[in-house]
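Peer 1: predicted model follows, preceded by the sequence.
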Amino acid sequence: MTKKTSAISPKRKRKSISYDKYGYFFVAPFFIVFLIFQLYPIFFTFRTSLTDAAGWEKILDNKIIGFGNFAKLFDFGTEISNFFWRSLGNTVIMWVFNFIPQIGMALILASWFTDTRMRLKFQGGFKVMIFMPNIITAATIGILFMSLFNYPVAPVNTLLQQFGLSNAPIEFMRSTPIARGLVSFIQFWMWYGNTMIIMIAGILGISPSLFEAALVDGCSSRQTFWKITLPLIKPILLYNLVTSLVGGLTMFDIPHLMTQGQPDYTTNTVARFIYQQGFETPNNFNIASAASVILFGIIVVCSLILSSIMKDRSDKKVRRMGK
Amino acid sequence: MKKVVSLLMVLMLLVGCASFAAAEEEIVLNVWSFTNELEGMIAKYYAPSHPNVKINYVIYPTDGGEYTSKVDNIMASAAASDEAPDIFTLEAAFVKKYVNSSVTADLAKVGITEADTASAIPVMKQIGTNTATGELKGLSWQATPGALMYRASLAEKYLGVKTPEEFQALVADWDLFMETAALVNEASEGATKMVVGAGDIWNAFNFGREQGWVVDGKLVIDDILYDYLDLAVELEQDDLSNKGNAWSEAWFLGMKTDTTLCFFLPTWGLHYTLKPNCGLTTNDTMSDEEMKAACEADGGTYGDWRMVAGPVGYSWGGTWIGANAAKVEAASDAKKAAIKDFILFFTMSEEFLYQYALDSGDFVGNNAIVDKIIAEGGTPNPFLGGQDHYSIFAEAANLANGAIMTDYDEKMNSLWSDYVTTPYSKMEKDLDTCIADFKAQVTAQFPELVVE
């Protein structure tokens, strides 16, 4: 290399050598921060889950005791394992009731916005409005809904009474379906805009010639959607499903701020269980870490299953199309 | 060269600016707290008379447990290091956690004697004492006794009560309190309720217990708590309360309008909660005159409040000053003396407390000063129609029993409210199920406790 370039002027040589390595300096901050604030804590959590670190004085001064903390969480019938699995059940229920409408709504809106025959007006305005809830922090929205649905004096109750829809104030947050429904609704409302944008990007990535061909062949809008759009955005759907699952299983802020796990523990999520164990008195870091590791395992397994199901099919299709 | 420069810049970005303590002959005290309250007091009262003491004041907010996790981490990893606090403040929510542990120093180790603290208000001292060993580990400049605030005009209208003494007679114990609640509801035809809800009287009621939540590693449900549940059911089911929670919309509405007769509030609740919320358009940046004018113009309750001791003497909240055991152990005699002086200056010295009480109106945690202020005519408060709040708080302060406070209180109180008081008073579950739910939660949260 140097022998060949020696003929070129020394000025140019210096430039071509020195630029290459600057990239590392620019990515270094991210990797350093990642190593210190993400990777290390992850390993620390794994380690803590194997120790007897119960109590704030033992966070650094503890010893490894093996899988006892996991055994406690899998020892069905005891209170602690009972609450852990109940929290997981609550989380899954609230996630499902948020995900189904979310993906449905996002798909419908995305197909409308990209439909060449429909030519919707004011698209930008609609997109902004739909995406808006995602910009506000979840904490703010949690507090907002808590005040809206408070009891006995709160806007929603006042409204219902003024329109004569109820005689006495209703205690929304003491009803399991309403409390869970509100958590699911907030998650749905906050995230369907985001999902929609990703879907639109996915649909716009499909070659327009396919849609044109369908149009020429006399496909209805419905047929185009089911036979062309949906199969071709499957990877995007998978991406949404996995990210939503990860986000949903680690759901924390809305239930924590709005319902505090009430009524009767039915909106208590796994992340809240971990928070209560680890960060409230008496700081059972070991149990909290073990629960985090189990949650991590569940998320990894679910993601792998989902991606293998979706991937295999799309691979086969590609192969078939290739033939 | 460019490489080195860019690497340096990256490093500087990460490291930030590290401060290096100047090596001087002065004594440096690291003080950690969760608000700037003490910082202001240091600057105004302490610094002028202590030029040779340099205070490094560090604030971490209590939101999301930041303060406690900072303290926990430094105490676990580097308790005796230079950046660790020498002195740190403790809030009611976690004071017991630290004074019952080994991280706070026995104040006798810096030379604070029993005689030095003889005039401290007992309840604050009890809370600052290690429950197991009896060592005094935290002292407070303020006391936070609670009282019962009520609306004079409503009491006169519905109960025919003209003076606070007459009203106190109607609420002297919880049975009388409930009888009065029924009377108010009847006389006002439901327009005015005695209190906002059962949760609102919890902070007062739980001071009637003889035993704290945990005694010798065992969960204790004091018998009086079952009385509390009966009372909660009555308040909820017989329409004797507004059925709201503390800090809810209904609670604040009760302060501004005629929906609620009484509030159980401590010293800080009077000044920072009730007063700014007394009118529809009042807020905490207004002066007394402005609040009064706003209430007259837009409706409000300024000047209509009176204060009585109520059914039970209690304390709610507070801030304590403690010292770091590891640093006290390693400190020179001069530094120990400085720590002693710092703590006694803020908690015991007349020089500071008297002036501070006059300047701020806060209720100070020292009976000698409190007596002096009352003897000089007290603190006639226009918000309370000219009533002297100092003498009533003083009475409550010396009745409250701090021995029932445990490290578990904050969590236990919220579990009790969520799993027993609320579902039982709303008739969602029967008592046995509620108690079983509560015990299950306690077992899961506190694996080391014996729950029977």
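Peer 2: Great, that's in hand. In this text, all values refer to a predicted model and were calculated from it rather than measured experimentally.
Peer 1: going forward, measure contacts and count neighbours with C-alpha atoms only.
Peer 2: Noted.
Peer 1: which element is residue B:58 on?
Peer 2: strand B:53-59 (DSSP states H and E).
Peer 1: given that strand, what are its sheet partners and their directions?
Peer 2: strand B:27-33 (parallel) (DSSP bridges).
Peer 1: nearest residue to whichever residue of chain B sits closest to chain A other than its sequence neighbours?
Peer 2: Nearest to chain A in chain B, going by Cα to the nearest Cα, is residue B:444, at a distance of 4.5 Å. Distances taken as Cα to Cα, 6 or more residues apart in numbering or on different chains place residue A:80 nearest to residue B:444, at 4.5 Å, with adjacent residues excluded.
Peer 1: can you give me the pLDDT of the nearest residue to residue B:117 once chain neighbours are set aside?
Peer 2: Nearest non-adjacent residue to residue B:117, counting by Cα to Cα, 6+ apart: residue B:348, 6.9 Å away. Predicted confidence (pLDDT) at residue B:348: the value is 90.
Peer 1: residue B:361: what's it in contact with?
Peer 2: With contact taken as Cα atoms under 8 Å, 6 or more residues apart in numbering or on different chains, residue B:361 is in contact with residue B:379.
Peer 1: now do the phi/psi pair for it.
Peer 2: phi 80, psi 0 (degrees, to the nearest 10).
Peer 1: and chain B, which of its residues are near chain A?
Peer 2: B:3, B:6-7, B:10, B:14, B:65, B:72-73, B:75-77, B:242-244, B:248-250, B:408, B:411, B:418-419, B:440-441, B:443-446 (Cα under 8 Å from any Cα of the partner chain).
Peer 1: and the buried ones among those residues, selectable in ChimeraX?
Peer 2: Here is the ChimeraX command that selects the buried residues among the residues of chain B next to chain A (16 or more other Cα atoms under 10 Å in any protein chain shown):
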select /B:7,72,73,75,76,242,243,244,248,249,250,408,411,418,419,440,441,443,444,445,446
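Peer 1: buried sites along stretch B:224-240?
Peer 2: B:224-225, B:228-229, B:231-236, B:239-240.
Peer 1: stretch B:288-297 now?
Peer 2: B:288, B:291-295.
Peer 1: show me what it is in contact with.
Peer 2: B:276, B:278-283, B:300-303, B:383.
Peer 1: equivalent analysis for stretch B:270-277, please.
Peer 2: By Cα under 8 Å, 6+ apart, stretch B:270-277 touches B:252, B:255-256, B:282-284, B:286, B:291, B:302, B:383.
Peer 1: just the buried residues of the residues you listed.
Peer 2: For these, buried by 16+ other Cα under 10 Å: B:252, B:255-256, B:282-283, B:291, B:302, B:383.
Peer 1: so of those residues, which ones are in helices?
Peer 2: B:252, B:255-256, B:291 (DSSP state H).
Peer 1: state the mean pLDDT of the strand holding residue B:58.
Peer 2: So the average pLDDT for strand B:53-59 ends up being 91.
Peer 1: show me the residue sitting in the middle of chain A in space.
Peer 2: residue A:247 (2.3 Å; Cα atoms, centre = their mean).
Peer 1: what's the pLDDT at that one?
Peer 2: At residue A:247, the pLDDT recorded in the model is 89.
Peer 1: next one: residue B:181
Peer 2: Value for residue B:181, per-residue pLDDT: 91.
Peer 1: wait, doesn't it sit right on residue B:192?
Peer 2: No. Using Cα atoms under 8 Å, residue B:181 is not in contact with residue B:192; the gap is 9.6 Å.
Peer 1: quick one on the thing from earlier: report the two of the buried residues of stretch B:224-240 separated the most.
Peer 2: B:224 and B:239 (22.4 Å; Cα to Cα).
Peer 1: can I get the contacts of stretch B:270-277 in CSV including pLDDT?
Peer 2: Below are the contacts of stretch B:270-277 laid out as CSV (pLDDT from 0 to 100):
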residue, pLDDT
B:252, 89
B:255, 89
B:256, 89
B:282, 82
B:283, 81
B:284, 76
B:286, 80
B:291, 85
B:302, 88
B:383, 86
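Peer 1: and for residue A:36, the neighbour number?
Peer 2: Neighbourhood size, residue A:36 [other Cα atoms under 10 Å in any protein chain shown]: 12.
Peer 1: quick one: the residue of chain B closest to chain A and residue A:283, what's the gap?
Peer 2: 12 Å (Cα to Cα, to the nearest Å).
Peer 1: please apply the same query to residue A:108.
Peer 2: 46 Å.
Peer 1: now do residue B:103
Peer 2: 16 Å.
Peer 1: quick one: secondary structure of residue B:336?
Peer 2: The three-state label given to residue B:336 by DSSP: H, G, I helix; E, B strand; the rest coil is helix.
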